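> just the structure for this:
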Amino acid sequence: IGTVAGGASYIGDLNQNDLFKISGITGGAFANYNFTPYVGVGLHYNYRNITANDNNEKNIDFKNRGINFDTDLHEISIIGEINFLDAFSPISRRRFTPYIFAGVGRVYFKSSATYPNFSSSNLRKERTEGQLQEYKPYAATIPYGAGVKYKLTNYFTLSSQIGYRTAFTDYLDDVSGYYTSYTAPSNPTGYGELGGQRGDLRKRDNYMFVSIGISYNFVSQKCFTF
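Numbers count the residues shown, from 1 in each chain. Presented below is the predicted three-dimensional model:
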């Protein structure tokens, strides 16, 4: 079992290209079971926060749009791991191994925004793009990434990882399609012409994290759990 902490970023309608623009925090806990020193699977819970504000951008089109958001993400996932080196069997003298991971997950998200004359703690309920129905506050995710592990003792392991999540929703930032009215920046729909493009029109938002962690290893002669 273990815990992780670090920073989070996202790629979406308010940040289209800068993958490593850290905008919030991440933290979580996990329980892993290793079938061999090389292959394992785990259950993970992670909290992440992502934010963006058009007013902080250099691009004049973004500044004119004037949208901001702050989103909390709660994610549960099942992740498989592959260690490249044997650092965990009783006979191994290695303490270090790189590893990769991938899996499936589910994320629950809630977005808020603050403007000079308006604020909302739940943008989904505002239907800012004129949706007939509120979009779902949850989505499937595909987690994948890579990292390194260092065995401090037979019981404690340090890790560092970078992970990426493809989310099957375009509303992590509450922005997706087109303007439904001519509005001012004090309104959560931003500033634009009726029917004009509001988002980047890509179908999915994505988020990324970098973190460090520590785990406690339940060592036995019959398994490689850590």
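
> when you work out contacts or count neighbours from here on, use the C-alpha atoms and nothing else.
OK.

> I'd say V41 and I79 touch.
Yes - taking contacts as C-alpha atoms under 8 Å, V41 lies within contact range of I79: 5.6 Å.

> now do the helices in the protein.
Applying DSSP state H to the chain gives helices spanning 60-65.

> shaky segments in the protein?
181-193, 220-226 (pLDDT under 70).

> regarding it, what is its longest strand?
For the chain, the strand with the greatest residue count under DSSP state E is strand 96-115.

> which other helices and strands contact that strand?
Applying 3 or more C-alpha pairs under 8 Å, 6 or more residues apart in numbering; DSSP states H and E, one finds that strand 96-115 makes contact with strand 68-83, strand 118-120, strand 138-151.

> among the ones you listed, which is nearest M208?
Closest approach to M208 among those is made by strand 138-151 (9.3 Å; C-alpha to C-alpha).

> hey, what's the angle from that closest one to strand 68-83? Just curious.
50 degrees (axes from the mean of the first three to the mean of the last three C-alpha atoms, to 10 degrees).

> paired strands for strand 138-151, with orientation please.
When pairing is defined by DSSP bridges, strand 138-151 lines up against strand 96-115 (antiparallel), strand 156-167 (antiparallel).

> how far away is the residue sitting furthest away from the middle of the chain from P37?
Most distant from the centre of the chain: I91, at 37.1 Å, with distances by C-alpha atoms, centre = their mean. Going from I91 to P37 by C-alpha to C-alpha, to the nearest Å gives 11 Å.

> swap in R95?
12 Å.

> show me which of the two is the more surrounded one.
Comparing R95 with P37 by other C-alpha atoms under 10 Å, the one with more neighbours is P37, at 20 against 16.

> need the contact list for the more buried one.
By C-alpha atoms under 8 Å, 6 or more residues apart in numbering, P37 lies in contact with 83, 86-89, 224.

> among those, which one has the most neighbours?
F88 (27 neighbours).

> which residues touch that residue?
With contact set as C-alpha under 8 Å, 6+ apart, F88 has these partners: 37, 94-95, 151, 154, 224.

> which residue sits closest to S112 in space, ignoring its chain neighbours?
S121 (4.4 Å; C-alpha to C-alpha, 6 or more residues apart in numbering).

> swap that for Y171, please
Excluding the flanking residues, the one nearest Y171 by C-alpha to C-alpha, 6+ apart is D205, at 7.1 Å.

> check contacts around D54.
14, 62-68 are the contacts of D54 under C-alpha under 8 Å, 6+ apart.

> most neighbours among those residues, please name it.
Going by other C-alpha under 10 Å, I67 tops those with 27 neighbours.

> and P137, what does it touch?
Contacts for P137 were tallied using C-alpha under 8 Å, 6+ apart; they are 108-110, 124.

> against K110, how distant is it?
From P137 to K110 the distance is 7 Å (C-alpha to C-alpha).

> list the residues that contact both of the two?
Jointly contacting P137 and K110 under the rule C-alpha under 8 Å, 6+ apart are R124.

> and the closest residue to M208 other than its chain neighbours, what does it touch?
Once flanking residues are discounted, M208 sits nearest to Y164: 4.4 Å by C-alpha to C-alpha, 6+ apart. Each residue near Y164 by C-alpha under 8 Å, 6+ apart is listed here: 143-145, 206-209.

> tell me the most buried of the helices and strands packed on strand 96-115?
Of the helices and strands packed on strand 96-115, the one with the most neighbours on average (mean count of other C-alpha atoms under 10 Å) is strand 68-83, at a mean of 21.

> all good on my end, thank you.
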